[in-house]
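Enquirer: Please work out how this folds:
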Amino acid sequence: MGILAGKAAIVTGGGRGIGRGHCLHLAEQGASVIVNDIDLEEARKVAAEIGELGGKASANDANIATREGAQALVQQCVDEFGAIHVAVNNAGNFKDRSFLKMSDEEFDAVVQVHMYGTFRVAQEAANRMKNQGTGGSIVNTVSAAHFGNFGQTNYAGSKGAIASMTYTWAVELSRYGIRVNAISPSGTTRMSATAKVGGKTVELPFLDPNQNGAFVAFLCSDEADWVTGQIFGSGNNRIQILSQPKYDTALHLPTDFSVDSIVENFKKVFDQRLENIGLMRAPYAFYDGVKPPEKE
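Expert: The predicted model follows:
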């Protein structure tokens, strides 16, 4: 028996890649799993694979970006397995475009799946967990892209929102025995094949996407009943905690807080201290000013 024996779980985007690894590890540790994927055939393949290994799983193709889809997913878990104890929000998509060219449709398509899908599935699952009185575990998915990445306003913005929601839900749901954490997974998938750095597609080394599932299984178990409100980098043979946002260097002007005083003192305090920006964390490049192109 594994550390999730008797638990019932849902995994969104579980038909391929990182999500498939989550499903396999949860089942290996004894959980019954609803494999959700917009591609029902892929979800069925993973469910069948789990069945062949002696586990319990069913497929689901509900659109988790909608309230009806989130409700249907959670309801299927309760109908088939009697309860829900684990919700893993993994489903995602890409619609990369530079900020000035991104359309409303490209923005909305990504936000609907990542941010709204995570919100709706987590809310439906948490309400069931609360009413059951069993507690539970929610694991969200963020990305280092939320540090800032060229061409990913929609994706990076959604992942930043999910990080903030993770912190907030952990505070609100602890009273019901519900823990909320997030991972920023590493793995070679169809989505990573289109990864861009500085606006250019880059070829990344192969990273086993299944590896993240082991840590997700741990987070969803009673072995991690003391862990909530945390974000971890996972995969690539490591687990790495992500520092939460915090205030740092400060300028105090208790006697003369005016525009003139700020102009006089700001650079004295913050020169060479501004935060590096972007996914690759290149050194801050704008101490000489951010200026428009010179006119020809």
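
Enquirer: can you give me the helices for the stretch 1-150 of the chain?
Expert: Assigned by DSSP state H, counting those that start in this stretch, the stretch 1-150 of the chain shows helices spanning 17-28, 40-52, 67-81, 104-111, 117-132.

Enquirer: Single out the most deeply packed of those.
Expert: Across the helices of the stretch 1-150 of the chain, the average number of neighbours (mean count of other C-beta atoms under 10 Å) peaks for helix 17-28, which reaches a mean of 28. All C-beta atoms are positioned from the backbone trio N, CA, C, and that covers glycine.

Enquirer: how far does that one sit from the chain's center?
Expert: Taking C-alpha atoms, centre = their mean, to the nearest Å, one finds helix 17-28 lying 16 Å from the centre of the chain it belongs to.

Enquirer: Could you list the low-pLDDT ranges of the stretch 101-250 of the chain?
Expert: Residue ranges of the stretch 101-250 of the chain with pLDDT under 70: 187-207.

Enquirer: Which residues does stretch 147-165 contact?
Expert: Around stretch 147-165, the neighbours that count as contacts under C-beta atoms under 8 Å, 6 or more residues apart in numbering are 89, 94-99, 102, 106-107, 109-111, 114-115, 118-119, 122, 140-143, 145-146, 182, 196-199, 231, 277-279, 281.

Enquirer: now those: which count as buried?
Expert: Burial by neighbour count, 16 or more other C-beta atoms under 10 Å: within the contacts of stretch 147-165 this picks out 89, 94-96, 102, 106-107, 109-111, 114-115, 118-119, 122, 140-143, 145-146, 182, 196, 231, 278-279.

Enquirer: Contacts only, for the closest residue to G92 other than its chain neighbours.
Expert: Spatial nearest neighbour of G92, chain neighbours left out: H114 (5.7 Å); criterion: C-beta to C-beta, 6 or more residues apart in numbering. H114 makes contact with 91-93, 155, 158-159, 162, according to C-beta under 8 Å, 6+ apart.
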